[in-house]
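> coords please:
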Amino acid sequence: MLVPFFNERDMIGATIESIAAQDMRFELILIDNGSTDGSGAVAAATCARLGLAHTLLVESKPGKVNALAAGVDLVRTCYVATCDADTLYPSDYLRQAARLLDRGAVAAGAYFVAPGAGAADHARAARRMMRSAALLPDQCHTGGAGQVFRTTALRRAGQFDARRWGYVLEDHEILHRVGKHGPIAYGDAFWCAPSPRERDRESIRWTLVERLAYHFTPTPARDWFFYGFLARRLQQRKLTSDRIREREFQSVGIIQPEARLAA
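Predicted coordinates for the structure are as follows:
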């Protein structure tokens with residue numbers, strides 16, 4: 001499991017606790033993307049308190065794509081999950097992911113519900129996800145907090161690489177590339193619970209025109225959509241991967257990033 005993070009000291013402890021409760025074995029790789037609030041120390045202390053084996057590294061190049069790339073380089077397992085540091089994962093998260101990938105998929109996506117969501121909320125979110133996936137099976141229907149990959153397929157597709165895609169919406173672009181190597185699976189029992197986030201920066205989302213173009217561009221032309229159309233527009237709006245890190249509501253201290261560690 002890969003958990004990239006930047007200034008998430010208030011959230012990352014709960015995320016790690018949910019990961020520690022998984023009902024199958026896993027390797028945890030935490031990637032501090034240059035935090036200034038001591039997030040790395042909080043993560044390490046949480047793992048120590050839980051007795052959770054892990055690798056904690058620092059990737060100083062800003063941007064989630066760079067952090068994920070550094071993490072993938074250390075992956076030794078046949079499957080890899082990309083997780084967010086502000087998301088809670090049910091204890092059967094990895095088991096449900098493996099169930100989907102074991103059926104031949106190269107990637108799988110979880111549906112999102114709010115923390116503490118009830119059965120009715122789960123049912124609605126699952127139905128919405130499954131309907132979307134049935135209608136548009138070769139597209140991304142979830143965010144990076146809820147994606148898992150067959151490691152060989154991820155690496156065969158070129159994995160995360162800011163030279164190839166250094167913009168926001170990396171979750172959609174990576175599934176585009178990995179999806180060339182096999183099917184993407186979604187399951188009605190595969191979910192996670194991202195925390196609601198405060199926003200005080202310019203939107204990092206795509207426009208309605210861009211979203212419609214994504215849905216209506218035929219699969220053979222999807223390379224053009226990402227690299228000839230969307231990349232140019234995101235570049236014009238300066239929506240590079242590191243823009244996700246801009247959170248003025250978080251205090252920025254003088255704590256230096258922790259040195260590279262290995263558990």
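> what pLDDT does the model give residue 246?
Reported pLDDT at residue 246 in the predicted model: 55.
> could you give the mean pLDDT of the host helix or strand of residue 81?
Secondary structure assigned from DSSP states H and E places residue 81 in strand 79-82. Per-residue pLDDT values across strand 79-82 average out to 98.
> partners of whichever helix or strand comes after it, with directions?
Remark: after strand 79-82, the chain's next helix or strand is strand 87-88, criterion DSSP H and E. Strands that pair with strand 87-88, judged by DSSP bridges, come out as strand 184-194 (antiparallel).
> in the partner strand, what counts as buried?
184-187, 190-194 (16 or more other Cβ atoms under 10 Å). Where C-beta positions appear, they are placed from N, C-alpha and C, glycine not excepted.
> kindly report the same for stretch 150-165.
150-151, 153-154, 157, 159-162, 164-165.
> of those residues, which belong to helices?
Using DSSP state H, 151, 153-154 are the members of these that sit in helices.
> where does residue 4 land on pLDDT?
Listed pLDDT for residue 4 reads 97.
> that one should be in a strand, yeah?
Yes: checked against DSSP: H, G, I helix; E, B strand; the rest coil, residue 4 lies within a strand.
> just checking, it touches residue 64?
Yes: assessed by Cβ atoms under 8 Å, residue 4 is found in contact with residue 64 at 5.6 Å.
> common neighbours of these two, please.
residue 33 (Cβ atoms under 8 Å, 6 or more residues apart in numbering).
> picking up where we left off before, grab the two from the buried residues of stretch 150-165 that are most spread out in space.
150 and 162 (22.2 Å; Cβ to Cβ).
> can you report how many residues lie near the residue nearest to residue 35 when sequence neighbours are not counted?
In space, and not counting its chain neighbours, residue 35 is closest to residue 7: 5.0 Å by Cβ to Cβ, 6 or more residues apart in numbering. The number of residues packed near residue 7 is 22, by other Cβ atoms under 10 Å.
> can you verify residue 7 is assigned to a helix?
No: under the criterion used here (three-state DSSP), residue 7 is coil, not part of a helix.
> phi, psi of it?
When read as degrees, to the nearest 10, the backbone of residue 7 gives phi 50, psi 60.
> thought it was touching residue 38?
No: applying Cβ under 8 Å as the test, residue 7 and residue 38 come out as separate, 9.0 Å apart.
> shared neighbours of these two, which are they?
When Cβ under 8 Å, 6+ apart defines a contact, no residue borders residue 7 and residue 38 alike.
> show me where the stretch 1-150 of the chain has strands.
2-5, 29-32, 55-58, 79-82, 87-88, 107-112, 147-150 (DSSP state E, counting those that start in this stretch).
> tell me the mean pLDDT for the longest one?
The pLDDT scores in strand 107-112 average 98.
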